[in-house]
Every structure is written in C-alpha cells, then in structure tokens.
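**Student:** structure, please.
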Amino acid sequence: MPFLGQDWRSPGWRWVKTEDGWKRCEPFSPALEDGNNQLNDISHTVILTGDDEDEEIYSTEDCEFAAKKRKKDHFRNNTDSQCFYREKWIYVHKESTRERHGYCTLGEAFNRLDFSSAIQDIRRFNYVVKLLQLIAKSQLTSLSGAAQKNYFNILDKIVRKVMEDQYNPRLIKDLLQDLSSTLCILIRGVGKSVLVGNINIWICRLETILLWQQQLKNLQMNKQVNNGLTLSDLPLHMLNNILYRFSDGWDIITLGQVTPTLYMLSEDRQLWKKLCQYHFAEKQFCRHLIPSEKGHIDWKLMYFALQKYYPIKEQYGDTLHFCRHCSILFWKDTGHPCTASDPNNCLMPVSPQHFIDLFKF
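**Tutor:** So this is what the prediction gives:
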C-alpha cells in the first residue's frame, strides 16, 4: 500500500474524530487566514499575464501548488510568524525511539504548548520567564528554526509587557543577561556551526537583546495615583504578615524601599530566619553561619550566601502538568484527552527544570 502523505518521510496527516466523522487536523496560524481567504476567493482557473501578447492559463493543480508554496515561503521569510496548534498538549515518548527523536523534542514542545498566551496570565508569567532562562543557559542550540522564531517572538512580547505594565523587570533583566552571555559564547567562542540558521541572523538577535537591555535599564517606574486606601495605610501587623508571605529575598528588599516603615519591617531578623528555614535544610545553613557584629547570626546575609551554594524552592501560581497515565504534557485549564478513570490522581506539576529534563535523551 502506498504511503499517503505530503512527504514519504513525514508521519502523514493527523486526524480528529468528530460527530460528522474523521476530519484532518492541520497546524493553525492566524497570520495565514487572510491569505487563505484570498486564495479561496480566486477561481479554479487563474490567468497570469506577463506581456500583453502572452497569456498562460494555470489549472487547479497548479493553483493548489502555488498556494502551498506561498504558505512555505510565508513561514520561511516572515520572522514574526509563529506556529500555532489546535491542541495545547504534547505526548512525551518514554523510550528512545525514532518518534521521540523526531517529534518529541524541546522545540516541538515549545511550539505546541502556547507560551505566547501563557505570558498574558500573571499566574504563569514567572514560570515562562524561568523556563526561557533555563533554555537560554543550556538548551538554545537544541531548538529548531521554528522554535527559535517562537522563542524570540515570545521574548519580544515579554519585554513589551514589562515596558507597558512595569511588572517584575528584575526577572527579565536576569533572563536577557544570561541569553546575551550565551549568544556571545556561541557566536565568538564555539563557532557558527553550532547555531541553527545564518550567523548574521544571530548577530542581529544579539543586537536586539542589547537594545532591550538598554530599554529596561532606562525604565522609569510611574507613580501610581490612588485616592483610596494605600499600602502605607495598613496597620503594622498586616504589613508584617504580607512580608512573611514572600518567598524571594529580593522581593522583600524591593518592598522595603517603598516607605521607612516597610524598610524597618524588612530588616527583621526573624523574617530572614524564617526565609532561610523555608528554602534550606538545617544542615545546609549550619555550615555557613555568618555572625553579626553583636554576635547574633545575620540571617539576611545567610540567605544570599546560601543561594550561591544551594538551589532555593520555586513557587509559581500555575505550572504545566504531566499526566502519568497518558504521558501527556499540558496546561491544566486547557486539559488533554485523558483515558484514566480518575484523571486528577494522575496529574503531576512540572517545574521548569523538570520540563527541560523530560526532553533530554
């Protein structure tokens, strides 16, 4: 039986069962809809005139071939285009098979899981930024060409969001610093054969990153005008309770710079002791005790010293989930076609590092 598909090396078409029967599922790109509508409006016979005297009439097959070529050229030439899929999940192959190496890669997962929409959700913003940072540090060379476009398009949207909303610029500065350092090493030290794509494209991307860094450096925080209740109007015990809910030491320091009262509360030794006990085991911080001038332990310095030796616990409002029954990676609110009797017992939250590890083989 002949292999039915656009290319004998491809996995063939993907099909979805509906009430009307089986229908073919194709990748979806909103940027191509206008072009497709225009192609659908054209009649099956197209007349192209080069000169006034010569005319060539193209058949329906030639028109379809031209439409397919137009789609390919669109994805190849338009660097702002981004691949979208109807399913917001990906099946993770457990064994080292040909399918895993070909269709279960980090780049394929990055394209399918719709991180472009995830950054608009404040619960997922820090999660996506951390994931991009890990990819920038170690997995940038493993991304395909399409995944690279999606990566930098999402990064561009993140920078725009921070410039407009002024939300957590410190995270983006760290991400861009790691990304620029990695690109400098890959472009200058390792050689251009490591990177997928033209070396000039990567140089332009590096220049864009440096421009983003300068824009974030010059970012001025707008003063909020609010005639109602403000943070300074809250009683001390409520402000103290807010500080105790922070899991990042830099967030505590940043909040302490708002008012003298918050600065006094942010320097509380008990606050930093609780933070050290939350992130690190007792054996870990006992090895790096830092006494203060008065003989007490300086828990604030301890926290930042321990950060250099041990990883801290990560907290995110929402993460990707992995179904142990189906071996599918997905966002919880979009769901996946699970066949388990009790799907909730099969779910496992996936940290950014775990996401990277799932696609290492």
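**Student:** show me the longest helix that occurs in the chain.
**Tutor:** helix 145-165 (DSSP state H).
**Student:** in that helix, what's buried?
**Tutor:** Within helix 145-165, the residues that qualify as buried are 146-155, 157-159, 161-162, counting by 16 or more other CB atoms under 10 Å. Placement of C-beta: from N, CA and C, glycine included.
**Student:** same thing with stretch 315-325?
**Tutor:** 316, 318-323.
**Student:** got a markdown table for the residues you listed, with distance to Lys130, pLDDT and secondary structure too?
**Tutor:** Putting the buried residues of stretch 315-325 into a markdown table (distance: CB to CB, whole Å; pLDDT from 0 to 100; DSSP: H, G, I helix; E, B strand; the rest coil) gives the following:
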| residue | distance to Lys130 | pLDDT | secondary structure |
| --- | --- | --- | --- |
| Tyr316 | 8 | 87 | coil |
| Asp318 | 13 | 87 | coil |
| Thr319 | 10 | 90 | coil |
| Leu320 | 12 | 91 | strand |
| His321 | 16 | 91 | strand |
| Phe322 | 17 | 91 | strand |
| Cys323 | 22 | 90 | strand |
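**Student:** mean confidence score for stretch 109-122?
**Tutor:** Stretch 109-122 carries an average pLDDT of 84.
**Student:** typo on my end, stretch 271-278
**Tutor:** Rounded mean pLDDT across stretch 271-278 is 90.
**Student:** what sits up against it?
**Tutor:** 240, 243-244, 246-247, 249, 252, 265, 285, 297, 299-300, 302-303, 306, 313 (CB atoms under 8 Å, 6 or more residues apart in numbering).
**Student:** now with 6 Å, please.
**Tutor:** Around stretch 271-278, the neighbours that count as contacts under CB atoms under 6 Å, 6 or more residues apart in numbering are 243, 285, 299-300, 302-303.
**Student:** centre of the chain to it, how far?
**Tutor:** The chain centroid and the centroid of stretch 271-278 are separated by 30 Å, computed with CA atoms, centre = their mean, to the nearest Å.
**Student:** list the buried residues in that stretch.
**Tutor:** 271-273, 275-276.
**Student:** between these, which is nearest Asp333?
**Tutor:** The closest of the buried residues of stretch 271-278 to Asp333 turns out to be Leu275 (CB to CB; 30.9 Å).
**Student:** next helix or strand past the strand or helix carrying that closest one?
**Tutor:** When secondary structure is defined by DSSP states H and E, Leu275 falls within helix 269-279. Note on helix 269-279: by DSSP H and E, the next helix or strand toward the C-terminus is helix 282-286.
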